[in-house]
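J.: 3D model of this:
(chains A and B)
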Number of protein chains: 2
Amino acid sequence: MTDPAPCQRWAVKIEYDGNGLVGWQSQASGLSVQGLLEQAAARLAGGRPVSSITAGRTDAGVHALAQVAHLDFPVDSFFTAHSMREGLGFHLKPHAVVVLDAAPVSLDWSARFSATWRSYRYRILNRRARPALAAGHVWHVRSPLDIARMQDAAAHLIGLHDFTSFRAVACQARSPMRTLDVLDITRQDDEVLITAKARSFLHHQVRNMVGTLKQVGTGQWEPDRVAAALAACNRSAAGPTAPPEGLYLSGVGYDPDPFCKTEPTANIQG
Amino acid sequence: MTDPAPCQRWAVKIEYDGNGLVGWQSQASGLSVQGLLEQAAARLAGGRPVSSITAGRTDAGVHALAQVAHLDFPVDSFFTAHSMREGLGFHLKPHAVVVLDAAPVSLDWSARFSATWRSYRYRILNRRARPALAAGHVWHVRSPLDIARMQDAAAHLIGLHDFTSFRAVACQARSPMRTLDVLDITRQDDEVLITAKARSFLHHQVRNMVGTLKQVGTGQWEPDRVAAALAACNRSAAGPTAPPEGLYLSGVGYDPDPFCKTEPTANIQG
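T.: Coordinates of the predicted model:
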């Protein structure tokens, strides 16, 4: 954003597996989604640097089904949505980061600030046996979870609240006030699936809510204790932080959706 | 089965990730499900050999959600369902093979011959972008699949037929006659899911049916060509073999189900 050079901005929708990644943000060492994406973009831009801004800076080990970022390319580069998608996809190989869609956007559009909602999904594998097929993609909880109790507890968190008790101590957001629109809990066989949706979330908010709901689901906490934890406005009043491997950034909303403007799906031979 | 020593037989239900495994059957080199399971069982039996028979000998790269096998332990070993499950699970670490359930069975019960049905699931990721999260767990098909056409084609395969056109040339079954009870095709977002159920299947039958249905889904074949391929009783008349990574052995049925006799779910602290 500090670069005064003219540029063309592209929105990209990406999927990634958080295992083996240090998270969204570039770090001194380790592979980051941002680093891999900017490196692939720089190759498309003939070696010139391309900067990115994301809708949600996921932590190490957290996955994304449909993360959104924008990339600022030199103004003299020429791409179609198809060549951007395929070109970035090519240069991202063999890493577990793929481009689902790409769309040109105006310079006043921001993947971060134009977003009207974010949604997350959290997967808990709730059975005795450790995961074989879903290893690294679920939180393994052996104690049976009572989802009716968890739903009762979740109801206390819906709406506009001071979420201080559920934000990381290191959270840099100016205000702890957030409006939580959705916090659904369902069971599918061995899996308990938690879905959260809000305009934006505080750092670790979803994982702290999930870690707290798990205390209720196992019977260690009564559902009402979650209301008390929220009212305390103190991180230590809520439950522990659930591990990253069960968390998925599942969607980011924009109005209008920039990805609705791209050309119709091409029939590319597999 | 050639061992005349008295033994106690246990049925086990297992989940595994086929990636990195040479398949069910023990091979000269590489990790097999059978090898890992028999090795874990031998440790429980104080180092004495334990042999196993499975309901379905899956190929290299094929996964299982609920495979069933039986294990013959020395008659003087003592286990509860709980100690068998946890003990085998412990000795299977860190491999991607886990024990979901265990139950004692009589010596005339066979994981293979007592099975009344087997079900398989095949996952196709049908989108342009390669899989990030499901890599190694789906067949990636970029061409759009028309599932209505695939359903029309699948209808020709339901029922009692000579499945010679859909069996591996190396298949050792005495008869090519099989009754296919279910061959369902559904779409969930980017995924096309194919479910097959029968008393038993020929070698590669599911993968050969899936590879053929894909030809129909992409428009390369008319649905009726599948009826002609079946009638030809010639492997070369049907489509190619779909890759192993999309295939899951999803269930094996017994009447009665030996796993219904085990003790109620214990609340084991996670």
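J.: where do the helices sit along chain A?
T.: Applying DSSP state H to chain A gives helices spanning A:33-44, A:81-92, A:147-155, A:205-217, A:224-232.
J.: which one of those lies nearest to chain B?
T.: helix A:81-92 (6.2 Å; CB to the nearest CB). Every residue, glycine included, has its C-beta placed from N, CA and C.
J.: who's in contact with the residue nearest to A:Leu249 when sequence neighbours are not counted?
T.: Among residues not flanking A:Leu249 along the chain, A:Ala64 sits closest, at 4.2 Å (CB to CB, 6 or more residues apart in numbering or on different chains). Contacts for A:Ala64 (CB atoms under 8 Å, 6 or more residues apart in numbering or on different chains) come out as A:14-16, A:18, A:33, A:56, A:58, A:248-250.
J.: same deal with A:His70?
T.: Contact partners of A:His70, counting by CB under 8 Å, 6+ apart, are A:9-12, A:52-53, A:105, A:109-111.
J.: can you report how many residues lie near the spatially closest residue to it that is not a sequence neighbour?
T.: Nearest-residue entry for A:His70: A:Ala111, 4.2 Å, with adjacent residues in sequence omitted and distances by CB to CB, 6+ apart. Each residue near A:Ala111 was counted by other CB atoms under 10 Å in any protein chain shown, and the total is 25.
J.: over to A:Asn19?
T.: By the criterion of other CB under 10 Å, A:Asn19 has 16 neighbours.
J.: pLDDT score for it?
T.: Note on A:Asn19: pLDDT of 96.
J.: could you do A:Ser77 as well?
T.: Reported pLDDT for A:Ser77: 80.
J.: cool, the one 3 residues further on as well?
T.: pLDDT recorded at A:Thr80 is 94.
J.: about what we covered before: quick one: which of the contacts of A:His70 is nearest to chain B?
T.: A:Val12 (11.0 Å).
J.: there's contact between that closest one and A:Ala69 in this structure, I believe.
T.: Yes. With contact defined as CB atoms under 8 Å, A:Val12 reaches A:Ala69; the gap is 5.6 Å.
J.: which bits of chain A sit near chain B?
T.: Residues of chain A lying close to chain B (CB under 8 Å from any CB of the partner chain) are A:15-17, A:63, A:65, A:85-86, A:89, A:93, A:96-100, A:127-133, A:135, A:137, A:140-144, A:218, A:265-270.
J.: now which of these would you call buried?
T.: Among the residues of chain A next to chain B, those buried by neighbour count (16 or more other CB atoms under 10 Å in any protein chain shown) are A:15-17, A:63, A:65, A:85-86, A:89, A:96-100, A:127-133, A:135, A:137, A:140-144, A:218.
J.: picking up where we left off before, and for A:Val12 and A:Ala69, which residues touch both?
T.: By CB under 8 Å, 6+ apart, A:Val12 and A:Ala69 have these common neighbours: A:Leu37.
J.: what about those two, which has more around it?
T.: Ranked by neighbour count (other CB under 10 Å), A:Val12 and A:Ala69 place A:Val12 first, with 27 against 23.
J.: contacts only, for that one.
T.: Each residue near A:Val12 by CB under 8 Å, 6+ apart is listed here: A:37, A:68-71, A:84-85, A:88, A:99, A:101-102.
J.: at 6 Å instead, please
T.: Applying CB atoms under 6 Å, 6 or more residues apart in numbering or on different chains to A:Val12 gives the contacts A:69, A:99, A:102.
J.: ok, what's across the strand from it?
T.: A:Val12 forms beta bridges with A:Ala69, A:Ala102, as assigned by DSSP bridges.
J.: any idea how far it is from B:Pro144?
T.: 22 Å (CB to CB, to the nearest Å).
J.: also A:Ala155?
T.: Distance, A:Ala155 to B:Pro144, using CB to CB: 42 Å.
J.: check A:Thr212 too.
T.: Taken as CB to CB, the span from A:Thr212 to B:Pro144 is 43 Å.
J.: with A:Ala129 instead?
T.: Relative to B:Pro144, and taking CB to CB, A:Ala129 is found at 37 Å.
J.: so what's A:Arg48 closest to, chain neighbours aside?
T.: Using CB to CB, 6+ apart, the closest residue to A:Arg48 is A:Pro74 (5.3 Å).
J.: neighbours of the one you found, just the number please.
T.: Neighbour number of A:Pro74 under other CB under 10 Å is 14.
J.: and the pLDDT for it?
T.: 91.
J.: tell me what it is bridged to.
T.: A:Cys7.
J.: can I assume it is in contact with A:Pro49?
T.: No. In this structure, A:Pro74 is not within contact of A:Pro49 by CB atoms under 6 Å, at 9.1 Å.
J.: in the stretch 51-200 of chain A, which spans are strands?
T.: A:51-54, A:63-74, A:97-105, A:117-125, A:139-140, A:159-162, A:177-188, A:191-198 (DSSP state E, counting those that start in this stretch).
J.: just put those in CSV and tack on distance to B:Ala237.
T.: What follows is those, written out as CSV (distance: least, CB to CB, whole Å):
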stretch, distance to B:Ala237
strand A:51-54, 51
strand A:63-74, 40
strand A:97-105, 36
strand A:117-125, 43
strand A:139-140, 46
strand A:159-162, 63
strand A:177-188, 40
strand A:191-198, 41
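J.: nearest to A:Pro240, out of the ones you listed?
T.: strand A:139-140 (11.4 Å; CB to CB).
J.: paired strands for that closest one, with orientation please.
T.: Partners of strand A:139-140 in its sheet, by DSSP bridges: strand A:117-125 (parallel).
J.: so where's chain A uncertain?
T.: For chain A, applying pLDDT under 70 flags the ranges A:1-5, A:261-270.
J.: can you list the domains in it?
T.: A:7-114, A:117-251 (automatic domain parsing).
J.: the shortest one spans what distance, first to last residue?
T.: The straight-line separation of the ends of domain A:7-114 (CA to CA, to the nearest Å) is 18 Å.
J.: now for A:His140: which residues touch it?
T.: A:His140 sits next to A:125, A:130-131 when contact means CB under 6 Å, 6+ apart.
J.: now it: how far from A:Met150?
T.: 17 Å.
J.: ditto for A:Ser119
T.: According to CB to CB, A:Ser119 stands 18 Å off from A:Met150.
J.: ditto for A:Asn208
T.: Distance, A:Asn208 to A:Met150, using CB to CB: 14 Å.
J.: more crowded one of the two?
T.: Set A:Asn208 next to A:Met150 and count neighbours by other CB under 10 Å: A:Met150 wins out with 26 against 23.
J.: so that one touches A:Gln215, yeah?
T.: No. Under the criterion of CB under 6 Å, A:Met150 makes no contact with A:Gln215, lying 9.5 Å away.
J.: give me the residue from the stretch 1-150 of chain A nearest chain B.
T.: Closest to chain B within the stretch 1-150 of chain A is A:Arg142: 3.4 Å, counting by CB to the nearest CB.
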